[in-house]
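Trainee: Predicted structure and sequence below. I'll ask about it afterward.
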Amino acid sequence: MSRRVFEAKGAKSVGPYSHAVEAGELVFLSGQTPVNAETGELVKGGIKEQTAQCFRNLFAVLEASGLTPDDVMKVNVFLTDMRNFTEMNEVYAAHFSEPFPARTTVAVLGLPLGAEVEIEMVAKRP
């Protein structure tokens, strides 16, 4: 079976993976770290700035896939420090409307390039 993949100009891969892969009605978006696609570097600032950049990257992938944030069903958030949960959550809430997607947030030991947050999504075609 061949993969139907989507690549977004507004997101940068830091490894051998596709930005998104379609499987039937579902589109699986790879985790995005807060890398600025123009510079290839992590955004400056704290967890709020990094979370916002993750969403810019992810929403560029959604757009390339012909989807919107309203099509997102599940989100996984990876934090290197759970003390950043409240600030991440504030930025997160501003990017979705109710009813919110299902979500899991976990703490991890480390993320690529020293990022403080990485976010991945699963969306469903309407």
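Mentor: Ah, there it is. Predicted model, so just to flag it, every value in this text is computed and none were measured.

Trainee: Just the element for the closest residue to residue 119 other than its chain neighbours, please.
Mentor: Leaving out its chain neighbours, the residue that sits closest to residue 119 by Cβ to Cβ, 6 or more residues apart in numbering is residue 54, at 4.4 Å. Bear in mind the C-beta positions are built from the backbone N, C-alpha and C, glycine included. Assigned by DSSP states H and E, residue 54 falls within helix 47-64.

Trainee: Can you name every helix or strand that that helix contacts?
Mentor: Helix 47-64 is packed against strand 26-32, helix 85-94, strand 117-124, with contacts defined by 3 or more Cβ pairs under 8 Å, 6 or more residues apart in numbering; DSSP states H and E.

Trainee: Check which residues of the worst-scoring helix or strand of the chain on mean pLDDT are buried.
Mentor: Sorted by mean pLDDT, DSSP states H and E, the helices and strands of the chain end with strand 4-6, the least confident at a mean of 84. Within strand 4-6, the residues that count as buried by 16 or more other Cβ atoms under 10 Å are residue 6.

Trainee: Over to stretch 60-79?
Mentor: Within stretch 60-79, the residues scored as buried using 16+ other Cβ under 10 Å are 60-62, 64-65, 67, 69, 71-72, 75-79.
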